[in-house]
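Student: Predicted model and sequence below, questions to follow.
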Amino acid sequence: MSPLLSVEMVDIRSQYHRLKPEIDKALSEALESSVFINGPDVKSFREELSAYLNVPFVIPCANGTDALQIALMALPLEPGDEVITPNFTFISTVEVLVLLKLKPVLVDVDPETFNINPDKIRAAIGPKTRAIIPVHLFGQAAPMNEIMQIARENNLFVIEDNAQSLGSWFVYPDGSRTRTGSMGHICSTSFFPTKPLGCYGDGGALMTNDPALAEKMQMIVNHGAKVKYHHEVIGVNSRLDSLQAAILRVNLRHLDDFITRRQSAAEYYNARLGGHPKIRIPVQTRFGTHIYHQYTLTLSAVNRPVIQLKLREAGIPSMVYYPVPLSLQKAFSFAGYLPGDFPVTESLCESVLSLPIHTEMKKEELDYICTTLLKIIDNER
Ligand SMILES: *Cc1c(COP(=O)(O)O)cnc(C)c1O
């Protein structure tokens with residue numbers, strides 16, 4: 001039987017079609033200028049993103065993984081220093097720490113918000129701890145108030161990994177708010193096409209409120225040089241190219257609308273799927289807005305692979321972010337973590353399921369996904 005509808009996990013093509021006149025114009029102007037590296041769009045994008053986030057310094061780079069690496073290179077860290085980071089996230093944090101001979105110290109997450117658990121951070125601090133890398137996972141802020149407090153008390157640096165939540169707000173207890181990616185010593189982000197603010201290739205950026213760190217990172221991304229051919233520190237080559245910057249300028253103008261579109265899809269899902277005994281819908285914290293980079297359910301008492309298979313047969317993709325805790329990745333086995341060390345992360349890896357969510361979702365698709373998923377879960381043996 002062929003599926004009634006074929007749904008996309010993320011639909012960048014339809015988004016492009018909707019914005020085509022603006023994107024095509026931006027691209028043809030950038031092509032006409034023919035300054036493909038550090039062209040005028042790169043400079044304008046920096047200024048526009050800085051204004052959007054209300055952070056004075058934005059340093060574009062080649063991707064979100066580079067951004068994390070450059071942030072760590074800019075801080076006064078020594079080989080063997082420990083950096084605390086969540087176990088339930090993408091591999092980038094651990095990867096760059098290991099490459100720089102720093103020691104990732106993984107901590108467990110909150111079972112409801114999926115974000116790093118501050119009590120576990122406190123418990124993981126030792127004499128060699130120098131920094132914390134919280135990740136704002138799936139579209140909402142990690143508990144930054146507590147994290148910054150812990151950092152101040154223990155003299156630690158904080159690098160916010162904002163690849164999945166650019167555009168969301170962190171709300172302080174007094175009700176005032178600031179963007180995620182504006183609170184730590186450094187913030188990193190990615191413009192991979194499927195991220196909340198994406199381009200049509202690879203891209204990334206660093207943000208900071210600290211002029212000295214900004215200057216250092218600007219040097220590191222450019223071979224460690226302020227003046228061409230005069231290299232002050234060992235750096236890398238990590239650039240955002242002008243064509244990507246031209247696309248990002250258009251997408252940044254639409255970011256708030258992209259977010260509203262994702263939020264209304266999530267509201268629809270919540271209304272239809274909330275309350276089912278086997279489904280926990282995403283939990284929204286009191287200290288932030290959720291921009292639903294992912295719409296992630298936690299399922300209980302179901303056979304997840306069977307559900308995914310039946311969804312696929314109905315033309316509905318679904319994904320497991322993330323199937324394996326970082327602590328149990330083969331590449332990181334030398335760290336010596338064992339099954340059972342991180343009960344929350346391990347249980348999430350077995351029970352989460354992310355449904356399609358993007359800026360172009362149609363009501364009929366959402367309806368079809370919910371009806372089909374509920375039918376599958378209720379008929380499952
Ligand atoms: C996507 C992502 C990255 C890496 O970004 P790239 O641009 O793909 O290198 C890092 N951290 C998190 C949390 C991400 O989701």
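Tutor: Right, received. Where do you want to start?
Student: tally of neighbours for residue 340?
Tutor: For residue 340, the neighbour count with other CB atoms under 10 Å is 7. C-betas here are computed from N, CA, C, even on glycine.
Student: is it fair to say it lies in a strand?
Tutor: No - assessed with DSSP: H, G, I helix; E, B strand; the rest coil, residue 340 is coil; it does not lie in a strand.
Student: Could you list which residues are in contact with the residue of the stretch 51-200 of the chain found nearest the ligand?
Tutor: In the stretch 51-200 of the chain, the residue that lies nearest the ligand is residue 64 (2.5 Å; CB to the nearest ligand atom). Neighbouring residues of residue 64 by CB atoms under 8 Å, 6 or more residues apart in numbering: 92, 161, 163, 188, 189, 190, 191, 192, 195, 204.
Student: tell me which element the fourth one falls in.
Tutor: Here residue 188, judged by DSSP states H and E, is contained in strand 186-190.
Student: Quick one: residues in contact with that strand.
Tutor: Taking CB under 8 Å, 6+ apart as the rule, strand 186-190 contacts 55, 63-65, 67-68, 70-71, 74-75, 157-163, 166, 180-181, 195, 197, 203-208, 210, 213, 217.
Student: interface residues of the stretch 1-150 of the chain facing the ligand?
Tutor: Within reach of the ligand by CB under 6 Å from any ligand atom, the stretch 1-150 of the chain has these residues: 63, 64, 65, 89, 90, 92, 135.
Student: Reformat the residues you listed as CSV; add pLDDT.
Tutor: What follows is these, written out as CSV (pLDDT from 0 to 100):
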residue, pLDDT
63, 98
64, 98
65, 98
89, 98
90, 97
92, 97
135, 98
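Student: Residues in a beta bridge with the closest residue to residue 218 other than its chain neighbours, which ones?
Tutor: Of all residues not flanking residue 218 in the chain, residue 59 sits nearest, at 5.3 Å (CB to CB, 6 or more residues apart in numbering). When bridges are called by DSSP bridges, residue 59 pairs up with residue 206.
Student: what about residue 59, how many neighbours?
Tutor: Residues lying near residue 59 (other CB under 10 Å) number 28.
Student: now swap in residue 134 and tell me
Tutor: Count around residue 134 with other CB under 10 Å applied: 31.
Student: same thing with residue 73?
Tutor: When neighbours are defined as other CB under 10 Å, residue 73 has 20 of them.
Student: swap in residue 287?
Tutor: 19.
Student: so it touches residue 168, yeah?
Tutor: No - with contact defined as CB atoms under 8 Å, residue 287 does not count as touching residue 168 (10.8 Å).
Student: Touching both of those two, which residues are there?
Tutor: Residues touching both residue 287 and residue 168 comprise residue 141, with contact defined as CB under 8 Å, 6+ apart.
Student: what's the nearest residue to the residue of the stretch 51-200 of the chain closest to the ligand if we skip its chain neighbours?
Tutor: Per CB to CB, 6+ apart, closest to residue 64 is residue 190, 2.5 Å.
Student: All the strands of the stretch 201-350 of the chain, residue numbers only.
Tutor: Taking DSSP state E, counting those that start in this stretch as the criterion, the stretch 201-350 of the chain contains strands spanning 204-208, 225-227, 230-231, 279-280, 295-299.
Student: just these: most buried one?
Tutor: strand 204-208 (a mean of 28; mean count of other CB atoms under 10 Å).
Student: could you give the angle of it to strand 186-190?
Tutor: 160 degrees (axes from the mean of the first three to the mean of the last three CA atoms, to 10 degrees).
Student: What is strand 204-208 packed up against?
Tutor: Applying 3 or more CB pairs under 8 Å, 6 or more residues apart in numbering; DSSP states H and E, we find strand 204-208 packed against helix 40-53, strand 57-61, helix 64-74, strand 186-190, helix 211-221.
Student: do you know which of those lies nearest residue 313?
Tutor: strand 186-190 (32.5 Å; CB to CB).
Student: List the pairing partners of the closest one within its sheet, with orientation.
Tutor: Partners of strand 186-190 in its sheet, by DSSP bridges: strand 157-161 (parallel), strand 204-208 (antiparallel).
Student: Compute the inter-axis angle for it and helix 211-221.
Tutor: 40 degrees.
Student: Can you give me the buried ones in strand 186-190?
Tutor: For strand 186-190, burial by neighbour count (16 or more other CB atoms under 10 Å) applies to 186, 187, 188, 189, 190.
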